[in-house]
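> Curious how this folds, go ahead:
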Amino acid sequence: MGKAAHLMKQWLRHRLVLEQLLDNIPEESIHFKPWDGAMALGDLAQHIAGSTDMFITIAKSGQGQIGMPPMVKCGTMAEVAGIVRRFTEKTKTTYASLTDEELEIEYDSPHPNLKGPRMQLVTIANDHEIHHKGQLFVYARMAVCRNFRFSFKLWEKASLITHSAVSHIVPANSLPPF
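Residues are numbered from 1 along each chain as shown. As a prediction, the model looks like this:
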């Protein structure tokens, strides 16, 4: 398996958990903000999906500017989850077409910290998604969601962990709520 495929599988593992998290957030939490000036919960979910797609698209093409992706005004968590799922499919398609050779091509960014091999953009995309997914868990906990139980089958679905690697892990239905 090449670098690009491996990175995509790592990303997809986190994205599938994000999608499951969004399915468990009550409607009334869509506009929750933990502090004045914070992004609303629904906007943060869109930011995660839109930003990852932006980084992966730029890594593929070498074209475009890094910036805040546009937000869609949503009234329900189902709308937010739908936007995230559409971005997931679009990003998966772009990610799957990314070659190891493209990861080595230099990206000439106006941001000095982003100049370098396009691989750097993919790493930033994955790190950014993980960071904000953690924030969303905190948002959700603060907004009264208490019983998040995730199956390790999601990891298997993303072809990241083999059966032997998960056989020693406690089943999700026996975990205490977090």
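
> C-alpha from now on. contacts and neighbour counts both.
Noted.

> mind listing the strands for the chain?
106-107, 116-117 (DSSP state E).

> which of these sits most buried?
Among these, strand 106-107 has the highest mean neighbour count (mean count of other CA atoms under 10 Å), at a mean of 18.

> Show me what that strand is packed against.
strand 116-117 (3 or more CA pairs under 8 Å, 6 or more residues apart in numbering; DSSP states H and E).

> how far is the lengthiest helix in the chain from where the chain is centred?
Scanning the chain for the helix with the most residues, using DSSP state H, yields helix 119-142. Centre-to-centre, helix 119-142 and its host chain are 6 Å apart (CA atoms, centre = their mean, to the nearest Å).

> Do me a favour and average the pLDDT over it.
The pLDDT scores in helix 119-142 average 93.

> likewise stretch 55-75?
Mean predicted lDDT for stretch 55-75 stands at 89.

> What is the end-to-end distance of that stretch?
27 Å (CA to CA, to the nearest Å).

> mind listing what's buried in that stretch?
Residues of stretch 55-75 classed as buried: 55, 56, 57, 58, 59, 60, 62, 74 (neighbour count, 16 or more other CA atoms under 10 Å).

> my read: residue 64 touches residue 55, true?
No - with contact defined as CA atoms under 8 Å, residue 64 does not reach residue 55; the gap is 9.2 Å.

> which secondary element of this structure has the worst mean pLDDT?
helix 163-166 (a mean of 32; mean pLDDT, DSSP states H and E).

> For the buried residues of stretch 55-75, work out which two are farthest apart.
62 and 74 (31.1 Å; CA to CA).

> how much space between residue 96 and residue 88?
For residue 96 relative to residue 88 (CA to CA), the value is 12 Å.

> neighbour-wise, which of these two wins?
Each of residue 96 and residue 88 has its neighbours counted (other CA atoms under 10 Å); residue 88 has more, 20 against 13.

> Please list all residues in contact with that one.
15, 49, 53 (CA atoms under 8 Å, 6 or more residues apart in numbering).

> Tell me how far it lies from residue 69.
15 Å.

> Next: residue 10.
Counting by CA to CA, the gap from residue 10 to residue 69 is 22 Å.

> now swap in residue 138 and tell me
22 Å.

> now residue 39
With CA to CA as the criterion, residue 39 and residue 69 are 13 Å apart.

> And for residue 57?
Taken as CA to CA, the span from residue 57 to residue 69 is 12 Å.
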